[in-house]
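Chemist: The amino acid sequence is not available; the structure is as follows:
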């Protein structure tokens, strides 16, 4: 199937053709028709499946087809709510691309930067707003923004909203939107709290599920390195000697760890920068832009900061630290192998992380290929004396404090 078979208007088709978008992804093919028909939609899709275009294209079309008095101030008719600044910017840029030949106006709202430019943009009048919950609530409290004309509402990356403790903010925003609207709800996973929220705001939704979270993209080659914690940096430097690794997104568990990796890579004359919550928005965006334009070879990120990173032709993802939530592994490696392209994921695992590895392999339903012939094999086969392994789980109630479960036997073997 091609986009032109989805009854998309010529001005949007022209933009898609300009960007060489010919065939829709499965979620675009299944989601665009019911959205154009006015249905609410519940989409379960992980990163890299093309869901931004799945809601942006029909929103642009439906709003463009509405008759609006050109002499009146533009009102916000569509609101897209998303958890992170990076994802908000990415979605905003997608609307600009797909809607470049329409007469619609867009604005993006997020925290971490001065609000005045965003306020001025809103005062000039916009049709579509992409926002993070915190800054949007701030502007609502200041009575700078009015949501009473919203006809289309998108809640994107809903499970990450829960992880980041934004659900109460989301509920406050929903209370300010007209009850009669078209709602599009997207989440990579469907924990009980998210399922409950979806049931309260969706009306007879069309349900679309693409690539369950337990699946990992077939085009991604996954490799495991069992390595002592103190040798992880040596292993990373050794891997990066391979010039075929043109671009690598490296995941670490902590902000301090991300900065430390960047310092070591810089010493080795490997261009690298970090993005995490302690970096300013401008710093994070500049690092991301440099990485996208290949001025940087390595981007080091924590999970929350990396949510929403969309980089074409990213060759490698490297899990410097294994995540302690198995679903996070799927999100991480999904940054490569996008849009049908191939990708490679390397994962480092020290002895203390073996329980995390077991959870990951249980979730994805297979063992990750272990690379045994490398210079830094695991030698320490006992637990770090001061280390207590705690498996964190996503909360299932409104308290949002992460719970931990009992410690596993520390001598558990692969």
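Modeler: Perfect, thanks for sending it. Nothing here was measured: the structure is a model prediction, and the numbers come from that model.
Chemist: Quick one: residues contacting residue 347.
Modeler: 222, 223, 224, 225, 318, 319, 322, 329, 357, 368 (Cβ atoms under 8 Å, 6 or more residues apart in numbering). Any C-beta I mention is one placed from the backbone N, CA and C, and that applies to glycine too.
Chemist: can you do 7 Å?
Modeler: Residue 347 sits next to 224, 225, 319, 322, 368 when contact means Cβ atoms under 7 Å, 6 or more residues apart in numbering.
Chemist: What residues are bridge-paired with it?
Modeler: The partner list for residue 347 in beta bridges (DSSP bridges) reads residue 224, residue 319.
Chemist: Tell me, what's the model's pLDDT at it?
Modeler: In this model, residue 347 is scored at 97, pLDDT.
Chemist: burial count for residue 246?
Modeler: 12 (other Cβ atoms under 10 Å).
Chemist: sorry, back to before: got the contacts of residue 347 as TSV, with pLDDT columns?
Modeler: Listed next are the contacts of residue 347 as TSV, based on pLDDT from 0 to 100:
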residue	pLDDT
224	97
225	97
319	97
322	95
368	95
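Chemist: Out of these, who's the most crowded?
Modeler: residue 319 (26 neighbours).
Chemist: Do I have it right that that residue meets residue 349?
Modeler: No: if you go by Cβ atoms under 7 Å, residue 319 and residue 349 don't touch, sitting 8.3 Å apart.
Chemist: Could you pull out the buried residues of the helix or strand harbouring residue 118?
Modeler: According to DSSP states H and E, residue 118 maps onto helix 116-123. Buried positions in helix 116-123, judged by neighbour count with 16 or more other Cβ atoms under 10 Å: 118, 119, 121, 122.
Chemist: what's around the closest residue to the second one other than its chain neighbours, how many residues?
Modeler: Yep, that's residue 119 we're talking about. Once flanking residues are discounted, residue 119 sits nearest to residue 144: 5.5 Å by Cβ to Cβ, 6 or more residues apart in numbering. Residue neighbour count, defined by other Cβ under 10 Å, stands at 15 for residue 144.
Chemist: next one: residue 128
Modeler: 25.
Chemist: Give me the distance between it and residue 98.
Modeler: Applying Cβ to Cβ, to the nearest Å, the value for residue 128 to residue 98 is 11 Å.
Chemist: what do you get for residue 254?
Modeler: 37 Å.
Chemist: in the stretch 151-300 of the chain, which spans are strands?
Modeler: 152-155, 182-187, 206-210, 220-226, 248-251, 272-275, 298-301 (DSSP state E, counting those that start in this stretch).
Chemist: Give me the helices and strands touching the helix holding residue 118, please.
Modeler: strand 106-109 (3 or more Cβ pairs under 7 Å, 6 or more residues apart in numbering; DSSP states H and E).
Chemist: tell me the helices in the stretch 301-414 of the chain, going along the chain?
Modeler: Secondary structure of the stretch 301-414 of the chain by DSSP state H, counting those that start in this stretch: the helices cover 303-306, 326-333, 354-364.
Chemist: of all these, which lies closest to residue 29?
Modeler: helix 326-333 (22.3 Å; Cβ to Cβ).
Chemist: does residue 21 really touch residue 3, like I thought?
Modeler: Yes: using Cβ under 7 Å, residue 21 is in contact with residue 3, at 6.3 Å.
Chemist: picking that back up, so which residues make contact with the helix holding residue 118?
Modeler: 107, 109, 144, 145.
Chemist: Let me know the average pLDDT across that helix.
Modeler: 94.
Chemist: and the next element down the chain from it?
Modeler: Once the chain leaves helix 116-123, the next helix or strand it forms, by DSSP H and E, is strand 128-131.
Chemist: ok, back up a step: how about a markdown table for the contacts of residue 347, with distance to residue 246 added?
Modeler: Below are the contacts of residue 347 laid out as a markdown table (distance: Cβ to Cβ, whole Å):
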| residue | distance to residue 246 |
| --- | --- |
| 224 | 22 |
| 225 | 20 |
| 319 | 18 |
| 322 | 24 |
| 368 | 23 |
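Chemist: and of those residues, the nearest to residue 265?
Modeler: residue 319 (16.0 Å).
Chemist: Surely residue 162 is in contact with residue 191?
Modeler: Yes: Residue 162 lies in contact with residue 191 (Cβ under 7 Å); the separation is 6.5 Å.
Chemist: who has more neighbours, these two?
Modeler: residue 162 (24 against 17).
Chemist: how far away is the more buried one from residue 79?
Modeler: Using Cβ to Cβ, residue 162 is found at 19 Å from residue 79.
Chemist: for the residue of the chain most remote from its centre, what are its contacts?
Modeler: The centre of the chain is farthest from one residue, residue 71, which by Cα atoms, centre = their mean lies 38.2 Å away. By Cβ under 7 Å, 6+ apart, the contact list for residue 71 is empty.
Chemist: Surely it is within a strand?
Modeler: No: going by DSSP: H, G, I helix; E, B strand; the rest coil, the assignment for residue 71 is coil, not a strand.
Chemist: Which pLDDT value belongs to it?
Modeler: 73.
Chemist: Could you do residue 47 as well?
Modeler: pLDDT, residue 47: 63.
Chemist: same deal with residue 258?
Modeler: 93.
Chemist: ok, what's across the strand from the nearest residue to it once chain neighbours are set aside?
Modeler: Spatially, and ignoring its direct neighbours in sequence, residue 258 is nearest to residue 274 (4.1 Å; Cβ to Cβ, 6+ apart). Beta-bridge pairing for residue 274 (DSSP bridges): residue 300.
Chemist: how near is residue 274 to residue 199?
Modeler: Distance from residue 274 to residue 199, by Cβ to Cβ: 39 Å.
Chemist: So between these two, which is more surrounded?
Modeler: Taking neighbours as other Cβ under 10 Å, residue 274 and residue 199 compare with residue 274 leading, 26 against 11.
Chemist: Sweet, I'm off.
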